[in-house]
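Undergrad: Prediction below, plus the sequence it came from.
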Amino acid sequence: EAQVTQNPRYLITVTGKKLTVTCSQNMNHEYMSWYRQDPGLGLRQIYYSMNVEVTDKGDVPEGYKVSRKEKRNFPLILESPSPNQTSLYFCASRGSGGTYEQYFGPGTRLTVT
Amino acid sequence: AQKVTQAQTEISVVEKEDVTLDCVYETRDTTYYLFWYKQPPSGELVFLIRRNSFDEQNEISGRYSWNFQKSTSSFNFTITASQVVDSAVYFCALSEYLKAAGNKLTFGGGTRVLVKP
């Protein structure tokens, strides 16, 4: 089954404790992105990757890091989480075809206390 | 810069009523894509429809229909004969052609639809 998976689905952590949210897709997609969802703001892009070893900042990259060492994986790293990073996070991927339809993961709800 | 505005934050209807969700967008590109996504209470994002800027033909797909008007930069979405299962948050999104290569979707703030039995 074609899908984007994220782990963990729920995470409660404390300020300053480094964490990684994993994202994996099994569709051989070139493009992958991370978004965060906050009430009233919709989803905003954090980082994106156009292929292995090619990443770039989205609209709200501060406080986040990413890497793309393999085509299928695109982890999101919070080196020193803060309470304002409490949010619902989505990973997305799409292929290089022309439809631009993105496939979203199930979401990771992160709470930073 | 691109922007998507969903002025309705919440709509409440009784089952079988029609629901129309408004979406207004801003973009400098002449080539772009518009999307509607549904987010049910379970939290996942479900792709509903996509339109490209070259095609203003309005269509109906089952109980869903959309009205794309380039002249007013609007991409409204209608659910006909609403059902309780339609209760969700609906997002309108825009992808500019060039930015699409960078995989970026710009989302509106979402409209929560509550369908009461």
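TA: Alright, I've got the coordinates.
Undergrad: Kindly tell me how buried the residue of chain A found nearest chain B is, as a neighbour count.
TA: Sorted by distance to chain B under C-beta to the nearest C-beta, the residues of chain A start with A:Gly42, at 3.4 Å. The way it works is simple: take the backbone N, C-alpha and C, and place the C-beta from them, glycine included. Taking other C-beta atoms under 10 Å in any protein chain shown as the neighbour definition, A:Gly42 ends up with a count of 22.
Undergrad: Return the residues in contact with the residue nearest to B:Phe54 when sequence neighbours are not counted.
TA: Distances taken as C-beta to C-beta, 6 or more residues apart in numbering or on different chains place B:Thr31 nearest to B:Phe54, at 7.4 Å, with adjacent residues excluded. For B:Thr31, the contacting residues are B:Asn52, B:Ser53, B:Phe54, B:Glu96, B:Tyr97, by C-beta atoms under 8 Å, 6 or more residues apart in numbering or on different chains.
Undergrad: Of all pairs in those residues, which one spans the longest distance?
TA: Looking at the contacts of B:Thr31 by C-beta to C-beta, the two members farthest from one another are B:Phe54 and B:Glu96, with 13.8 Å of separation.
Undergrad: in chain B, what residue is nearest chain A?
TA: B:Phe107 (3.4 Å).
Undergrad: what's the spacing between that residue and A:Gln45?
TA: As defined by C-beta to C-beta, to the nearest Å, B:Phe107 lies at a distance of 9 Å from A:Gln45.
Undergrad: Comparing those two, which residue is more hemmed in?
TA: Here B:Phe107 and A:Gln45 are set side by side on neighbour count (other C-beta under 10 Å), and the busier one is A:Gln45, at 24 against 21.
Undergrad: is it fair to say the more buried one lies in a strand?
TA: Yes - counting by DSSP: H, G, I helix; E, B strand; the rest coil, A:Gln45 is located in a strand.
Undergrad: Could I get the contacting residues of the nearest residue to it once chain neighbours are set aside?
TA: Leaving out its chain neighbours, the residue that sits closest to A:Gln45 by C-beta to C-beta, 6+ apart is A:Gly58, at 3.1 Å. Applying C-beta under 8 Å, 6+ apart to A:Gly58 gives the contacts A:Ser33, A:Trp34, A:Tyr35, A:Arg44, A:Gln45, A:Ile46, A:Tyr47, A:Tyr48, B:Lys104.
Undergrad: The first one: neighbour count?
TA: Neighbours of A:Ser33 under the rule other C-beta under 10 Å: 26.
Undergrad: Quick check on B:Thr72: phi, psi?
TA: Dihedral angles phi and psi of B:Thr72 (degrees, to the nearest 10) take the values phi -110, psi 10.
Undergrad: Could you check the pLDDT of the spatially closest residue to the residue of chain B closest to chain A that is not a sequence neighbour?
TA: With C-beta to C-beta, 6+ apart as the criterion, B:Phe107 has its nearest non-adjacent residue at 3.4 Å, and that residue is A:Gly42. Model confidence at A:Gly42, given as pLDDT, is 89.
Undergrad: A:Gly42 reaches B:Phe91, doesn't it?
TA: Yes - here A:Gly42 lies in contact with B:Phe91, judged by C-beta atoms under 8 Å, at a distance of 5.9 Å.
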